[in-house]
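Chemist: Please find the sequence and the predicted model below.
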Amino acid sequence: MSPVANFHLDSWGDQFVPFIPEDKVTHASKEEQVEDLKKEGRRKLMDAAAYSPSQLLNFIDVVQQLGVAYHFEGEIEEALQHIYDSVHDVNDRDGDDLYNISLQFQLHKQQCYNIS
């Protein structure tokens with residue numbers, strides 16, 4: 001038989017115990033709102049890609065830091081592939097400062113690109 005532990009009562013009491021599940025209408029409304037936010041995120045990702053690689057890299061970094069990059073895996077992979085393919089293109093090299101180069105290196109390494 002395992003020993004019984006005597007835990008002290010916490011100061012919160014049972015404040016968080018009562019849970020009221022959402023009704024179907026509220027749940028459907030929240031799912032629709034999430035889908036709308038995903039569409040807006042994809043649109044902003046494509047807008048950042050249209051401006052410059054440095055803005056795109058910064059946007060991808062922020063999305064990853066927020067922990068929602070899994071919603072945009074395909075778009076991020078496509079954008080990083082485009083940047084990786086055009087890394088030697090002289091006309092497409094804005095923002096060649098140390099920050100942008102290191103961010104590009106970090107994001108490509110995270111996606112297992114062969115970069116050095």
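Modeler: Nice, thanks for sending it over. Numbering: from 1, shown residues only.

Chemist: Every contact and neighbour count from this point should use C-alpha atoms.
Modeler: Fine.

Chemist: which residues touch stretch 67-86?
Modeler: Contacts with stretch 67-86, where a contact means Cα atoms under 8 Å, 6 or more residues apart in numbering, come from 38, 42, 45, 49, 53, 56, 60, 63, 92, 107-108, 111.

Chemist: Show me which residues of the top helix by length along the chain are buried.
Modeler: Across the chain, the longest stretch assigned as helix under DSSP state H is helix 24-51. When neighbours are counted by 16 or more other Cα atoms under 10 Å, the buried residues of helix 24-51 are found to be 41-42, 45, 48-49.

Chemist: That helix - contacts with which helices or strands?
Modeler: helix 53-66, helix 73-85 (3 or more Cα pairs under 8 Å, 6 or more residues apart in numbering; DSSP states H and E).

Chemist: what about the first one, distance to the chain center?
Modeler: What separates the centre of helix 53-66 from the centre of its chain is 8 Å, taken as Cα atoms, centre = their mean, to the nearest Å.
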